[in-house]
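Novice: sequence isn't available, so here's the structure alone:
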């Protein structure tokens, strides 16, 4: 909820009185509001800024940079990039090297890495500094362009432009992303030789590199090194180490790290509490989950949807149905915006526990609010109804999912487990009609294959029926016919 900091003034007119907020008026008159309201097409931003100047309004550099930062925060990268382009063309608002570095990043995001490179290459030599070179390196690292990143990093070192941990951190992150953690120790050794101090992010990355090769002893040596150097671990570092311990199955050590986070009396960041809740759930520590939840509510009395979602996921993972229902009802009674992701967590929990009546009631409530059930939820519904041999209901949810599923993005729907359950049901009860409907649905979503056709043939055989056209249908669908399939075909469509 947005706090109204403006003064409310009662406006009178010949018609009816209305309330008018000066805060709203100020907002609508601001440069940021005008820029953020644009669709971001080419020229829109420049035209708006030009009009602003033509109207005699000042365009302070600090205001423009503030607009850029806000737009980046809300991922309106095209808008931000166009502001920098306008600034660069304006004689009164020239860019500094920090601005140029940001422009390189924005160009990579909006127009691709080639445009970012072209812009960098167009800069005067005096503008090619550690900031702009560093921005280009970050782009390469984000795009996993290993060869270019290594080449540029080498050049930066030769030019003595690597004076802090930032570029090393980016290279370490890159090596972890591309699965080459073995290259990390040499970078750490370089930093020590060059007297470049590691920061907290470096230490966390290095620990993650050792964790990726399951060397927990090396992780703990990094922790010891931090203590010797007087580096204070923050909540993120303890959480990162706890995560490493959880993945390694070292629950007791993980809980120790989580308790160290809780000992911090100044803990206020919601993400810290989210981390505690998630990691305690992964260590099957319900008491720890509830304790972190209560601490979060003390620090932030107004709990948002994201926090409720994380708590519901934790309770669902731990199988605490009573706690889950209590938390869900608490959210429903207080939420200002209904988030269907939370309803789906509750629904999936019911389905996983075969609580069909509760699941149906909640799904009806979701439908009344105008939302579609997630494909994962529909898949769970199908499995549950198949277990109960309620094929009409299972087919209904299959049809709903097929109408929603994108054949490219949702190739997993239905899951292989669910497909197998359908096929086994058709063969068991000799249900040729529904088996054919199932094949047709699978054809529509691009999932029809030899496994499904073989099962269809077995269903026909079990039912003692023939289908002379099935062989031609398989050819039309591009299904490869194996020796086993050929034997089945001879029984279903004899010549």
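Specialist: That came through fine. All figures in this text were calculated on a predicted structure; none of them were measured in a lab.

Novice: got a list of what residue 267 touches?
Specialist: Under the criterion of C-beta atoms under 8 Å, 6 or more residues apart in numbering, the neighbours of residue 267 are 235, 261, 273, 295, 299. In this view, the C-beta of every residue, glycine as well, is placed from N, C-alpha and C.

Novice: buried subset of those residues, written for PyMOL?
Specialist: Below is the selection syntax for PyMOL that covers the buried ones among the contacts of residue 267, with 16 or more other C-beta atoms under 10 Å defining burial:
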select buried, resi 235+261+273+295
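
Novice: just the ones in helices from the contacts of residue 267, please.
Specialist: Filtering these for membership in helices, criterion DSSP state H, returns 235, 261, 273, 295, 299.

Novice: which pLDDT value belongs to the second one?
Specialist: On the pLDDT scale, residue 261 is placed at 96.

Novice: cool, and the last one?
Specialist: Looking at residue 299, its pLDDT is 94.

Novice: so it versus residue 462, what's the distance?
Specialist: Shown here: residue 299 relative to residue 462, a distance of 62 Å by C-beta to C-beta, to the nearest Å.

Novice: equivalent analysis for the fourth one, please.
Specialist: When C-beta to C-beta is the yardstick, residue 295 and residue 462 sit 59 Å from each other.

Novice: same question for the third one.
Specialist: Distance of residue 273 to residue 462, computed by C-beta to C-beta: 56 Å.

Novice: check the first one too.
Specialist: Applying C-beta to C-beta, the value for residue 235 to residue 462 is 61 Å.

Novice: correct me if wrong: residue 417 contacts residue 382.
Specialist: No - counting by C-beta atoms under 8 Å, residue 417 stays clear of residue 382, with 10.1 Å between them.

Novice: more neighbours, the two?
Specialist: Using other C-beta atoms under 10 Å, the more surrounded residue of residue 417 and residue 382 is residue 382, with 26 against 9.

Novice: which stretches of the stretch 51-200 of the chain have low pLDDT?
Specialist: 91-93 (pLDDT under 70).

Novice: once you drop chain neighbours, what's closest to residue 119?
Specialist: Counting by C-beta to C-beta, 6 or more residues apart in numbering, residue 119 lies nearest to residue 107, which is 5.5 Å off, once chain neighbours are set aside.

Novice: give me the secondary structure label for that neighbour.
Specialist: Per DSSP: H, G, I helix; E, B strand; the rest coil, the secondary structure class of residue 107 is helix.

Novice: that one and residue 236, how far apart?
Specialist: If you measure residue 107 against residue 236 using C-beta to C-beta, the figure is 30 Å.

Novice: tell me which of those two has more neighbours.
Specialist: Relative neighbour count places residue 107 above the other of residue 107 and residue 236, with 24 against 16, counting by other C-beta under 10 Å.

Novice: is it true that the more buried one touches residue 121?
Specialist: No - contact between residue 107 and residue 121 fails when scored by C-beta under 8 Å: they sit 11.9 Å apart.

Novice: quick one: the strands in the stretch 301-450 of the chain, in order.
Specialist: If you assign secondary structure with DSSP state E, counting those that start in this stretch, the stretch 301-450 of the chain ends up with no strands.

Novice: how about stretch 278-285: buried residues?
Specialist: Counting neighbours by 16+ other C-beta under 10 Å, one finds that the buried residues in stretch 278-285 are 278-283, 285.

Novice: for it, which outside residues touch it?
Specialist: 239, 242-243, 246, 251, 254-255, 258, 286, 288-289, 291-292, 310, 313-315, 317-318.

Novice: who touches the most centrally placed residue in the chain in this structure?
Specialist: The centre of the chain sits closest to residue 306, judged by C-alpha atoms, centre = their mean, with a distance of 12.7 Å. If you count contacts by C-beta under 8 Å, 6+ apart, residue 306 has them with 270, 274.

Novice: same question for residue 316.
Specialist: The contact partners of residue 316, taken as C-beta under 8 Å, 6+ apart, are 324, 345-346, 348-349.

Novice: tell me the one of those nearest residue 334?
Specialist: Sorting the contacts of residue 316 by how near they are to residue 334, with C-beta to C-beta, puts residue 346 at the top with 15.4 Å.

Novice: I'd guessed that closest one sits against residue 362; true?
Specialist: Yes - using C-beta under 8 Å, residue 346 is in contact with residue 362, at 6.1 Å.

Novice: and the two? which has more neighbours close in?
Specialist: When neighbours are counted by other C-beta under 10 Å, residue 346 and residue 362 differ, and residue 346 comes out ahead with 24 against 21.

Novice: SS state for the closest residue to residue 164 other than its chain neighbours?
Specialist: In this structure, residue 164 finds its nearest non-sequential neighbour in residue 196, 6.4 Å apart by C-beta to C-beta, 6+ apart. Under the three-state scheme (three-state DSSP), the conformation of residue 196 reads as coil.

Novice: which ones are touching residue 196?
Specialist: For residue 196, the contact set (C-beta under 8 Å, 6+ apart) comprises 162-165, 168, 190.

Novice: mind redoing it with 7 Å?
Specialist: For residue 196, the contacting residues are 164-165, 168, taking C-beta atoms under 7 Å, 6 or more residues apart in numbering as the criterion.

Novice: got the phi/psi numbers for it?
Specialist: Here the main-chain torsion angles of residue 196 (degrees, to the nearest 10) amount to phi -100, psi 110.

Novice: elements contacting the host helix or strand of residue 135?
Specialist: Using DSSP states H and E, residue 135 falls within helix 130-142. Contacts defined by 3 or more C-beta pairs under 7 Å, 6 or more residues apart in numbering; DSSP states H and E place helix 130-142 against helix 97-110, helix 113-122, helix 146-158, helix 165-177.
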